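> can't give you the sequence, but here's the structure:
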(Lines give C-alpha, C1' and ligand atoms only; values in the text may rest on other atoms or scores of the structure.)
Protein backbone atom coordinates (compact mmCIF):
# COMPACT_ATOMS: atom_id res chain seq x y z
CA UNK A 1 0.00 0.00 0.00
CA UNK A 2 2.83 2.43 0.82
CA UNK A 3 4.41 1.70 -2.55
CA UNK A 4 1.18 2.62 -4.38
CA UNK A 5 0.83 5.87 -2.42
CA UNK A 6 4.44 6.86 -3.15
CA UNK A 7 4.01 6.13 -6.83
CA UNK A 8 0.72 8.01 -6.93
CA UNK A 9 2.25 10.94 -5.04
CA UNK A 10 5.23 10.99 -7.43
CA UNK A 11 2.94 10.97 -10.45
CA UNK A 12 0.85 13.80 -9.04
CA UNK A 13 3.97 15.83 -8.16
CA UNK A 14 5.40 15.39 -11.67
CA UNK A 15 2.03 16.32 -13.19
CA UNK A 16 1.73 19.46 -11.05
CA UNK A 17 5.28 20.48 -11.90
CA UNK A 18 4.55 20.10 -15.62
CA UNK A 19 1.34 22.14 -15.36
CA UNK A 20 3.03 24.89 -13.32
CA UNK A 21 6.01 25.04 -15.69
CA UNK A 22 3.67 25.48 -18.65
CA UNK A 23 2.43 28.72 -17.11
CA UNK A 24 5.83 30.19 -16.20
CA UNK A 25 6.33 33.43 -18.11
CA UNK A 26 8.51 32.97 -21.17
CA UNK A 27 11.12 35.41 -19.93
CA UNK A 28 11.65 33.21 -16.86
CA UNK A 29 11.88 30.00 -18.82
CA UNK A 30 14.51 31.39 -21.18
CA UNK A 31 12.37 30.96 -24.30
CA UNK A 32 13.72 33.12 -27.16
CA UNK A 33 10.24 34.11 -28.36
CA UNK A 34 7.59 36.26 -26.78
CA UNK A 35 4.20 37.67 -27.59
CA UNK A 36 5.69 40.63 -29.52
CA UNK A 37 7.37 38.53 -32.24
CA UNK A 38 4.52 39.21 -34.69
CA UNK A 39 4.74 42.94 -33.99
CA UNK A 40 8.51 42.96 -34.50
CA UNK A 41 8.03 41.05 -37.75
CA UNK A 42 5.36 43.52 -38.90
CA UNK A 43 7.63 46.50 -38.26
CA UNK A 44 10.60 44.77 -39.90
CA UNK A 45 8.43 44.08 -42.97
CA UNK A 46 7.64 47.79 -43.27
CA UNK A 47 11.32 48.71 -42.89
CA UNK A 48 12.36 46.16 -45.54
CA UNK A 49 9.74 47.55 -47.94
CA UNK A 50 11.00 51.07 -47.24
CA UNK A 51 14.58 50.03 -47.89
CA UNK A 52 13.61 48.36 -51.18
CA UNK A 53 11.58 51.41 -52.29
CA UNK A 54 14.43 53.77 -51.44
CA UNK A 55 16.97 51.62 -53.26
CA UNK A 56 14.91 51.75 -56.44
CA UNK A 57 14.54 55.55 -56.10
CA UNK A 58 10.83 55.58 -55.19
CA UNK A 59 10.35 58.16 -52.43
CA UNK A 60 6.54 57.93 -52.52
CA UNK A 61 6.67 54.15 -51.96
CA UNK A 62 9.22 54.72 -49.18
CA UNK A 63 6.68 56.96 -47.43
CA UNK A 64 4.00 54.25 -47.44
CA UNK A 65 5.55 53.19 -44.12
CA UNK A 66 4.61 56.54 -42.61
CA UNK A 67 1.23 57.55 -41.18
CA UNK A 68 -0.50 59.51 -43.93
CA UNK A 69 -1.74 62.27 -41.65
CA UNK A 70 -1.22 65.98 -41.05
CA UNK A 71 -0.11 64.93 -37.55
CA UNK A 72 2.95 62.99 -38.80
CA UNK A 73 6.22 64.59 -37.64
CA UNK A 74 9.83 64.29 -38.73
CA UNK A 75 12.67 65.84 -36.70
CA UNK A 76 16.11 66.23 -38.21
CA UNK A 77 19.03 68.61 -38.53
CA UNK A 78 16.89 71.08 -40.52
CA UNK A 79 14.13 71.23 -37.90
CA UNK A 80 10.69 69.67 -37.80
CA UNK A 81 8.61 68.74 -40.85
CA UNK A 82 4.90 68.31 -40.19
CA UNK A 83 2.33 66.24 -42.03
CA UNK A 84 2.76 63.53 -44.63
CA UNK A 85 3.02 66.10 -47.43
CA UNK A 86 5.64 68.06 -45.48
CA UNK A 87 7.73 64.96 -44.88
CA UNK A 88 7.46 64.01 -48.56
CA UNK A 89 8.59 67.53 -49.58
CA UNK A 90 11.53 67.28 -47.15
CA UNK A 91 12.69 63.97 -48.63
CA UNK A 92 12.34 65.24 -52.20
CA UNK A 93 14.30 68.40 -51.38
CA UNK A 94 17.14 66.59 -49.61
CA UNK A 95 17.27 63.68 -52.08
CA UNK A 96 16.29 65.14 -55.47
CA UNK A 97 17.64 62.32 -57.61
CA UNK A 98 18.63 58.66 -57.56
CA UNK A 99 22.33 59.49 -57.23
CA UNK A 100 21.82 61.51 -54.03
CA UNK A 101 19.63 58.74 -52.58
CA UNK A 102 22.26 56.05 -52.87
CA UNK A 103 21.79 52.57 -51.42
CA UNK A 104 20.02 52.50 -48.03
CA UNK A 105 20.72 50.01 -45.27
CA UNK A 106 19.17 49.81 -41.79
CA UNK A 107 20.99 48.05 -38.94
CA UNK A 108 21.18 47.56 -35.17
CA UNK A 109 17.41 47.70 -34.63
CA UNK A 110 16.20 47.85 -31.02
CA UNK A 111 12.50 47.44 -30.22
CA UNK A 112 10.76 48.88 -27.17
CA UNK A 113 7.04 48.35 -26.94
CA UNK A 114 5.19 51.17 -25.22
CA UNK A 115 1.81 49.46 -25.12
CA UNK A 116 -0.35 47.14 -27.18
CA UNK A 117 -0.33 49.47 -30.21
CA UNK A 118 2.82 51.58 -29.81
CA UNK A 119 6.53 50.95 -30.23
CA UNK A 120 9.81 52.81 -30.25
CA UNK A 121 12.47 51.55 -32.65
CA UNK A 122 16.08 52.70 -32.48
CA UNK A 123 18.55 51.95 -35.22
CA UNK A 124 21.27 53.03 -37.60
CA UNK A 125 20.96 54.04 -41.24
CA UNK A 126 23.63 54.17 -43.92
CA UNK A 127 23.59 55.49 -47.47
CA UNK A 128 26.24 54.17 -49.81
CA UNK A 129 26.69 56.78 -52.54
CA UNK A 130 29.13 56.73 -55.43
CA UNK A 131 29.80 60.42 -56.09
CA UNK A 132 28.29 62.30 -53.14
CA UNK A 133 30.02 60.15 -50.54
CA UNK A 134 28.56 57.83 -47.94
CA UNK A 135 26.56 59.20 -45.05
CA UNK A 136 24.81 57.61 -42.10
CA UNK A 137 23.44 58.14 -38.67
CA UNK A 138 20.91 57.06 -36.13
CA UNK A 139 17.14 57.17 -35.91
CA UNK A 140 14.34 56.87 -33.41
CA UNK A 141 11.00 55.89 -34.89
CA UNK A 142 7.72 56.02 -32.99
CA UNK A 143 5.29 53.46 -34.41
CA UNK A 144 1.56 53.02 -34.00
CA UNK A 145 -0.41 49.94 -34.92
CA UNK A 146 -3.42 50.77 -37.08
CA UNK A 147 -6.02 48.37 -38.53
CA UNK A 148 -3.93 48.30 -41.74
CA UNK A 149 -0.70 47.60 -39.83
CA UNK A 150 2.26 49.38 -38.24
CA UNK A 151 3.03 52.95 -39.36
CA UNK A 152 5.66 55.50 -38.34
CA UNK A 153 4.01 58.45 -36.60
CA UNK A 154 7.25 60.26 -35.67
CA UNK A 155 10.76 60.00 -37.09
CA UNK A 156 13.82 61.60 -35.51
CA UNK A 157 16.82 61.00 -37.74
CA UNK A 158 20.30 62.38 -37.20
CA UNK A 159 23.43 62.26 -39.27
CA UNK A 160 26.48 60.98 -37.40
CA UNK A 161 29.95 61.27 -38.86
CA UNK A 162 31.91 58.04 -39.22
CA UNK A 163 29.14 55.68 -38.14
CA UNK A 164 29.69 52.04 -38.99
CA UNK A 165 26.96 50.57 -41.24
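Looks like it arrived, so ask away. All of these numbers come straight from a predicted model, not from anything done at the bench.

> Compute the number of surrounding residues for residue 87.
Per other Cβ atoms under 10 Å, the neighbour tally for residue 87 reads 22. The way it works is simple: take the backbone N, C-alpha and C, and place the C-beta from them, glycine included.

> which ones are touching residue 152?
46, 65-67, 72, 141-143 (Cβ atoms under 8 Å, 6 or more residues apart in numbering).

> make it 7 Å
65-67, 141, 143 (Cβ atoms under 7 Å, 6 or more residues apart in numbering).

> For the chain, give me the ranges with low pLDDT.
1-34, 162-165 (pLDDT under 70).

> any chance you could map the helices in it?
For the chain, applying DSSP state H gives helices covering 2-22, 26-29, 37-55, 59-62, 83-94, 98-101.

> now for the fourth one, which elements pack on it?
The contact analysis (3 or more Cβ pairs under 7 Å, 6 or more residues apart in numbering; DSSP states H and E) places helix 59-62 against helix 37-55, helix 83-94.

> Name the member of the contacts of residue 152 with the most neighbours.
Top of the contacts of residue 152 by neighbour count (other Cβ under 10 Å): residue 143, with 26 neighbours.

> State the distance from that residue to residue 95.
22 Å (Cβ to Cβ, to the nearest Å).

> Around the residue nearest to residue 155 when sequence neighbours are not counted, how many other residues sit close by?
Closest residue to residue 155 apart from its sequence neighbours, by Cβ to Cβ, 6 or more residues apart in numbering: residue 74 at 4.7 Å. Residue 74 has 22 neighbours, counted by other Cβ under 10 Å.

> how near is residue 74 to residue 50?
14 Å.

> I'd like the helices and strands packed on helix 59-62 as a markdown table, with distance to residue 153 appended.
Supplementary listing: the helices and strands packed on helix 59-62 in a markdown table, determined by distance: least, Cβ to Cβ, whole Å:
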| stretch | distance to residue 153 |
| --- | --- |
| helix 37-55 | 12 |
| helix 83-94 | 11 |
